[in-house]
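K.L.:
Fold the following, please.
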Amino acid sequence: MKVVIDTGNHIAALAAKLAKPDVVAAYPITPQTTVVEKIAEYVEKGEFYGDYICVESEHSAMSACIGASAAGARTFTATSSHGLLLMHEMLHWAALARLPIVMVNVNRAVGPGWNIWSDQNDSIAQRDTGWIQIFCSSNQEIFDTTIQAFKLAEHKDVQLPVMVCYDGFILSHTSMPVKVPDEKDIDEFLPKREPQWLLDVDNPVTHGNIIMPKDYPKIRKAMQEAQEKAKELIPKIAEEWKERFGTYHGGLIEKYRCEDADYILISYAALGAESKVAIDKMRKEGIKIGLARLRSFRPFPVEDIASLAKESDLIVIDRSISLGMEGPVFTEVKASLYGISGSKVYGFIAGLGGKDVTFKDIEKMCKKVVEDRYEGYEWYGIEG
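P.N.:
Numbers count the residues shown, from 1 in each chain. Predicted structure coming up:
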């Protein structure tokens, strides 16, 4: 085990290299660019032995991953914001074809007007494509989750692509110390891929052709069952990593000071890490509040949320907006409790377009609820 101090993007590239993909498809977009640039540097130095494909667009990057994965290759790519949106058609294709592609998405706001800073609207807009989505709150979590994502995606009962998400600039360009296990130990944790189906000229199959209405629902149902299986496997894989390497970030959620909480804050990504400071400050003031940092958005941890609401009211902070409705996590949390809990759920939207959200802001939002000053669903911090 060694300690590496580097940016989130370079740590993602290192994790990808150590996962030993056979194919990496590369196309630049701010703030993701340095992920694929770093992998190109590994290629130049002779430290990466897979095929590195420079393509002409993000749509082509995902198309290349689909072709490679269908031929049995372990595949990786990275993107952000408008690049992810350009992939939209092929995201559906990858998931419906049950291809275990792993992709880093560096969360960035969507334009116009043009904005290169972080919020989660880009990845959350892709929530119904069938991709598993996991959000990270530190560079260590980026490293660990990227490697764990291959193990999850390639599991015989999952066979779905995985999107590892983290905040642009807040993590992508911030250096932190990361514990990196020996390569041989990672190889033991993540063996070579065993494809559950593949295109093979010696054993030809037809795939992706016309499918009749009577059969199509079966494919969708199988994908849903795979998402449910992933809900079981994400915590198990995280525990296995913890036993082998010592670092741990939670299962579907990370609980922090929740045991006796009257209120539990639900946040995710970089806001989740910042929230811990706010929780500690409020605890010192005698406010019984905890944090449930959401790691898995798809599959959504319905059972975990329901368990948290047995004794506590919930406060949700979204860094995204489902226009015409509300924050998507707020909606999903309320849906998880429908008919089974009398707990109250309070919602805030904050930090869109990279607007800074500090622990002091998080504390203020929570205290509006605790001090009975909450006046309904609120956009925080847009005054002036």
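K.L.:
From here on, just use CA atoms for contacts and neighbour counts.
P.N.:
OK.
K.L.:
my read: A15 touches F143, true?
P.N.:
Yes: shown here, A15 and F143 form a contact pair, counting by CA atoms under 8 Å, at 5.3 Å.
K.L.:
Compare those two and say which is more crowded by neighbours.
P.N.:
A count of neighbours by other CA atoms under 10 Å puts F143 above the other of A15 and F143, at 25 against 20.
K.L.:
Now name the helix or strand holding the more buried one.
P.N.:
helix 139-154 (DSSP states H and E).
K.L.:
now do D6
P.N.:
Here D6 is assigned to strand 2-7, by DSSP H and E.
K.L.:
relative to helix 139-154, how tilted is that strand?
P.N.:
Interaxial angle of strand 2-7 relative to helix 139-154 (axes from the mean of the first three to the mean of the last three CA atoms, to 10 degrees): 100 degrees.
K.L.:
Just checking: what are the partner strands of strand 2-7?
P.N.:
Sheet pairing for strand 2-7, assigned by DSSP bridges, gives strand 175-180 (antiparallel).
K.L.:
give the contact list for R298.
P.N.:
R298 makes contacts with 127, 131-134, 227, as judged by CA atoms under 8 Å, 6 or more residues apart in numbering.
K.L.:
any idea how far G354 is from it?
P.N.:
23 Å (CA to CA, to the nearest Å).
K.L.:
for P217, same thing?
P.N.:
39 Å.
K.L.:
For these two, work out which one has more neighbours and name it.
P.N.:
Each of P217 and G354 has its neighbours counted (other CA under 10 Å); G354 has more, 21 against 11.
K.L.:
who's in contact with the more buried one?
P.N.:
So G354 contacts 108-109, 117-119 (CA under 8 Å, 6+ apart).
K.L.:
mind checking the longest helix of this protein?
P.N.:
Secondary structure of the chain per DSSP state H: the longest helix is helix 216-245.
K.L.:
Give the partner strands of the very next helix or strand once past that helix in its sheet and their orientations.
P.N.:
Next along the chain after helix 216-245, taking DSSP H and E as the criterion, comes strand 253-256. According to DSSP bridges, strand 253-256 has the following sheet partners: strand 289-294 (antiparallel).
K.L.:
Name the residues that touch stretch 11-18?
P.N.:
Contacts for stretch 11-18 (CA under 8 Å, 6+ apart): 35-36, 38-39, 48, 76, 104, 139, 142-144, 146-147, 178, 183, 186.
K.L.:
got the CA coordinates for that stretch in PDB?
P.N.:
What follows is stretch 11-18, C-alpha atoms only, in PDB (Å, rounded to 0.1, in the frame of the first residue of the first chain):
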ATOM      1  CA  ILE A  11      -6.900   9.400  -9.200                       C
ATOM      2  CA  ALA A  12      -9.700   8.200 -11.500                       C
ATOM      3  CA  ALA A  13      -7.200   7.600 -14.300                       C
ATOM      4  CA  LEU A  14      -5.000   5.600 -11.900                       C
ATOM      5  CA  ALA A  15      -7.900   3.500 -10.800                       C
ATOM      6  CA  ALA A  16      -8.900   2.800 -14.400                       C
ATOM      7  CA  LYS A  17      -5.300   1.800 -15.300                       C
ATOM      8  CA  LEU A  18      -5.100  -0.600 -12.300                       C
END
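K.L.:
Do me a favour and average the pLDDT over it.
P.N.:
Average pLDDT, stretch 11-18: 98.
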